[in-house]
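> next input, structure requested:
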Amino acid sequence: MPQSQKGPLYPSAGPLPSSRSLLAVTADEIRKSQYETTAMRATPVRPLSQEIVGENFLNVHAIGQKETRYLPFAVNVAPLTNRLACKYTQDYIPLPLGDKAINKGLAANFKAGNKSGGAAGSAAPMDGFTMSETDYPLRSEAETVDRLRK
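Predicted coordinates:
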């Protein structure tokens, strides 16, 4: 087989240098060769004054939403709830431990109700008939026929 038909003697490492070759050069030289242009090298770097830097608009527009240089962030935390947050607990009135006070009040209420009902009762006659029976008495068959003929 001729030499030209065989594959390459050494495989290609690609367009980038290997990691071992970068160990032979200092980091400053790598930075200059890879990450700098001639315009960057020719322009001297000077620190910017506060007037030139400008304003970060997030410091203005995010006031109250996050920590900014104008206002610290106030964390909004809801108070913890307990039993007093319930309407039932707010309306509940603790009663005395003994039943004596409650029973005494109920007895006075019942006693007053019986007195008022008996003494100041209705003036309607209690003859054992209902209002319907009084207003519409039973009639004999002859009386009913006479009324229908009229």
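
> need the longest helix for the protein.
In the chain, taking DSSP state H as the definition, the longest helix is helix 100-119.

> averaged pLDDT, that helix. What do you get?
Per-region confidence: helix 100-119 scores 77 on mean pLDDT.

> what does stretch 52-62 give?
On average, stretch 52-62 scores 84.

> can you list contacts of that stretch?
66, 68-70 (CB atoms under 8 Å, 6 or more residues apart in numbering). Backbone N, C-alpha and C define where each C-beta goes, glycine included.

> now a PyMOL select for only the buried ones of those residues.
To isolate the buried ones among the contacts of stretch 52-62 in PyMOL, judged by 16 or more other CB atoms under 10 Å, type:
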select buried, resi 68
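
> in CSV, list the contacts of stretch 52-62 along with distance to Gly113, secondary structure and pLDDT.
As requested, the contacts of stretch 52-62 are exported to CSV (distance: CB to CB, whole Å; DSSP: H, G, I helix; E, B strand; the rest coil; pLDDT from 0 to 100):
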residue, distance to Gly113, secondary structure, pLDDT
Lys66, 69, strand, 90
Thr68, 72, coil, 88
Arg69, 76, coil, 87
Tyr70, 72, coil, 87
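
> right, and out of the contacts of stretch 52-62, which lies closest to Arg31?
Arg69 (32.1 Å; CB to CB).

> quick one: the nearest residue in space to the closest one that is not next to it in sequence from Glu67, how far?
Spatially, and ignoring its direct neighbours in sequence, Arg69 is nearest to Asn59 (5.2 Å; CB to CB, 6 or more residues apart in numbering). Distance, Asn59 to Glu67, by CB to CB, to the nearest Å: 10 Å.

> try Ala107
68 Å.

> what do you get for Gly128?
Going from Gly128 to Glu67 by CB to CB gives 90 Å.

> dump the contacts of stretch 52-62 to a markdown table, plus distance to Ala142.
Shown next, in a markdown table, are those (distance: CB to CB, whole Å):
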| residue | distance to Ala142 |
| --- | --- |
| Lys66 | 103 |
| Thr68 | 107 |
| Arg69 | 112 |
| Tyr70 | 108 |
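
> just give me the closest of the contacts of stretch 52-62 to Val77.
For the contacts of stretch 52-62, the nearest to Val77 is Lys66 (16.2 Å; CB to CB).

> which residues sit in contact with that closest one?
Applying CB under 8 Å, 6+ apart, the residues contacting Lys66 are 58, 73.

> perfect, I'm done here.
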